[in-house]
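Trainee: no letters, just coordinates:
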């Protein structure tokens, strides 16, 4: 097949392009900008566009399919040309479904935890030599790519994102996969630029549950009241299988998972990650991995990239960075780190970077999210607010939203860096939470703050 990617440089798109190249397809693509690591990875396989930009002349009847990425706009000249020629245009999730119609589709959905749960499942499968197709939103240890597609594998494991499919297809991605086996980890309002009300957001998960093929199953986090309501109200003829946070303990910075064979030391920590682990265990069992083999494998799981990733550790200090940015994720991550190191001062830094987090109306959702931190810091760039064409937000609005009088707020990247590097981190824990980079923070330099 000849497949052309419009906006090939995106994280998801370039991984799909690489997977299809590996499968033997002829791949071409375009983009107006491509950053690392996408650029080097595409170049290594000979499918990096020679020139950045959009070129309608690349679009012709020789193409079997065009895959349209979210970075492109609806007036993209290549897209318009493909429409004029009547070519088959797929969104990213549509094309993944086409590649997996004859497989058992395992889809992991939820506002939070889906990348970690998907990563746990793939780690366990890889550990036991069980080959599966997959799509996951983070780079995993032991995996070269984030998308794998074959002709022969029985299962495909898909991270089910609720964001839009493409500029011309406003359905959430996870509505298109039609899972045989599904998981729902949590529901917490997000993406307010697309789902302006809470009810509108929740409705997407109702549609997801109803999209499961008849006779399939939904494994769901019964500790999340909204998840339980959505799943239990569904009239779809599927099996409904609840899961709960397993018993565990923390001893001197080490989390121990209670198992039938006794306490098991594990690398991940925090109630939210233990809850994720419980969901992953049930999905692995649906895929043929017995409980005891799951525990053997999960003991070596170090976490998904950018999810509670340990940056540095000394004798009495440690630093983590995390992708957390939505209120529920920030709260869960901050609590987890404090519970893991209760006797150390926790310095928690959050960058408000996404459309939702920089929205004055949405800010109130962050109430209490940093309460577990001893020192709570918020950084945001007024320029980012301007770029997103949002109303200006003030220090006072942020302080009121978090309801912490001692909240430290920075709007200047240099001032934030000076604050951070002036701290003495003896007997302290540093937690950096962001989907951005704090205006260019050097994480290698951050490592020097943590003393041996």
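Mentor: Structure received. Worth saying up front: this structure is predicted, and the values here are computed from it rather than measured.

Trainee: residue 344 and residue 434, how far apart?
Mentor: 21 Å (C-beta to C-beta, to the nearest Å). Glycine gets a C-beta too; all of them are placed from N, C-alpha and C.

Trainee: contact partners for residue 360?
Mentor: 390, 391, 393, 397 (C-beta atoms under 8 Å, 6 or more residues apart in numbering).

Trainee: please repeat the previous calculation with a cut-off of 10 Å.
Mentor: Counting by C-beta atoms under 10 Å, 6 or more residues apart in numbering, residue 360 touches 385, 390, 391, 392, 393, 394, 397, 398, 401.

Trainee: determine the longest helix present in the protein.
Mentor: helix 271-286 (DSSP state H).

Trainee: check the offset of it from the chain's centre.
Mentor: 16 Å (C-alpha atoms, centre = their mean, to the nearest Å).

Trainee: may I see the buried residues of it?
Mentor: 272-284, 286 (16 or more other C-beta atoms under 10 Å).

Trainee: need the buried ones from the contacts of residue 360 selected in PyMOL.
Mentor: Filtering the contacts of residue 360 down to the buried ones (16+ other C-beta under 10 Å) takes a single PyMOL command:
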select buried, resi 385+390+393+398+401
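
Trainee: now, among the contacts of residue 360, which is nearest to residue 234?
Mentor: The closest of the contacts of residue 360 to residue 234 turns out to be residue 401 (C-beta to C-beta; 34.1 Å).

Trainee: surely that closest one touches residue 350?
Mentor: No - using C-beta atoms under 10 Å, residue 401 makes no contact with residue 350, being 11.5 Å away.

Trainee: give me the common contacts of the two.
Mentor: Joint contacts of residue 401 and residue 350 (C-beta under 10 Å, 6+ apart) are 366, 369, 378, 407.

Trainee: who wins for most neighbours among the residues you listed?
Mentor: Neighbour counts for those peak at residue 369, which has 27 neighbours (criterion: other C-beta atoms under 10 Å).

Trainee: so it is in contact with residue 348, correct?
Mentor: Yes - Residue 369 lies in contact with residue 348 (C-beta under 10 Å); the separation is 9.5 Å.

Trainee: what do those two both touch?
Mentor: 324, 330, 333, 334, 376, 433.

Trainee: and the closest residue in space to the last one that isn't next to it in sequence, what's its pLDDT?
Mentor: Just to be clear, that refers to residue 433. In this structure, residue 433 finds its nearest non-sequential neighbour in residue 324, 4.3 Å apart by C-beta to C-beta, 6 or more residues apart in numbering. For residue 324, the pLDDT comes out at 77.

Trainee: one more: residue 101?
Mentor: So, for residue 101, pLDDT stands at 95.

Trainee: so where do the helices sit in the stretch 351-452 of the chain?
Mentor: Ranges of helices in the stretch 351-452 of the chain, per DSSP state H, counting those that start in this stretch, are 382-387, 395-402, 413-421, 443-447.

Trainee: now the ones you listed in JSON lines, with mean pLDDT?
Mentor: Listed next are the helices of the stretch 351-452 of the chain as JSON lines, based on pLDDT from 0 to 100:
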{"stretch": "helix 382-387", "mean pLDDT": "75"}
{"stretch": "helix 395-402", "mean pLDDT": "89"}
{"stretch": "helix 413-421", "mean pLDDT": "93"}
{"stretch": "helix 443-447", "mean pLDDT": "85"}
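
Trainee: contacting residues around residue 223?
Mentor: By C-beta under 10 Å, 6+ apart, the contact set of residue 223 is 186, 242, 243, 244, 245, 271, 275, 278.

Trainee: just give the nearest non-adjacent residue to residue 328, would you?
Mentor: residue 188 (3.7 Å).

Trainee: could you look up the SS state of that neighbour?
Mentor: Per DSSP: H, G, I helix; E, B strand; the rest coil, the local secondary structure of residue 188 is coil.

Trainee: surely it is in contact with residue 329?
Mentor: Yes - the pair residue 188 and residue 329 passes the contact test of C-beta under 10 Å, sitting 7.9 Å apart.

Trainee: where are the low-confidence patches of the protein?
Mentor: Counting by pLDDT under 70, the ranges of the chain that qualify are 388, 451-452.

Trainee: mind checking which helix or strand the most centrally placed residue in it is in?
Mentor: Central residue of the chain (C-alpha atoms, centre = their mean): residue 115, 4.6 Å from the mean position. When elements are assigned from DSSP states H and E, residue 115 belongs to helix 114-127.

Trainee: elements contacting that helix?
Mentor: strand 104-109, strand 133-135, strand 155-160, strand 181-184, helix 271-286, helix 291-298 (3 or more C-beta pairs under 10 Å, 6 or more residues apart in numbering; DSSP states H and E).

Trainee: nearest to residue 127, out of the ones you listed?
Mentor: That would be, of the helices and strands packed on helix 114-127 and by C-beta to C-beta, helix 291-298, which comes in at 3.8 Å.

Trainee: just the buried positions in that closest one, please.
Mentor: 293, 294, 295, 296, 297, 298.

Trainee: quick one, longest strand in this protein?
Mentor: Determined from DSSP state E, the single longest strand within the chain is strand 345-352.

Trainee: tilt between that strand and helix 413-421?
Mentor: 160 degrees (axes from the mean of the first three to the mean of the last three C-alpha atoms, to 10 degrees).

Trainee: about what we covered before: among the shared contacts of residue 369 and residue 348, which are in strands?
Mentor: Filtering those for strands - DSSP E - leaves 376, 433.

Trainee: count the neighbours of the residue nearest to residue 373 when sequence neighbours are not counted for me.
Mentor: Closest residue to residue 373 apart from its sequence neighbours, by C-beta to C-beta, 6+ apart: residue 348 at 3.5 Å. Residue 348 is flanked by 27 other residues according to other C-beta under 10 Å.
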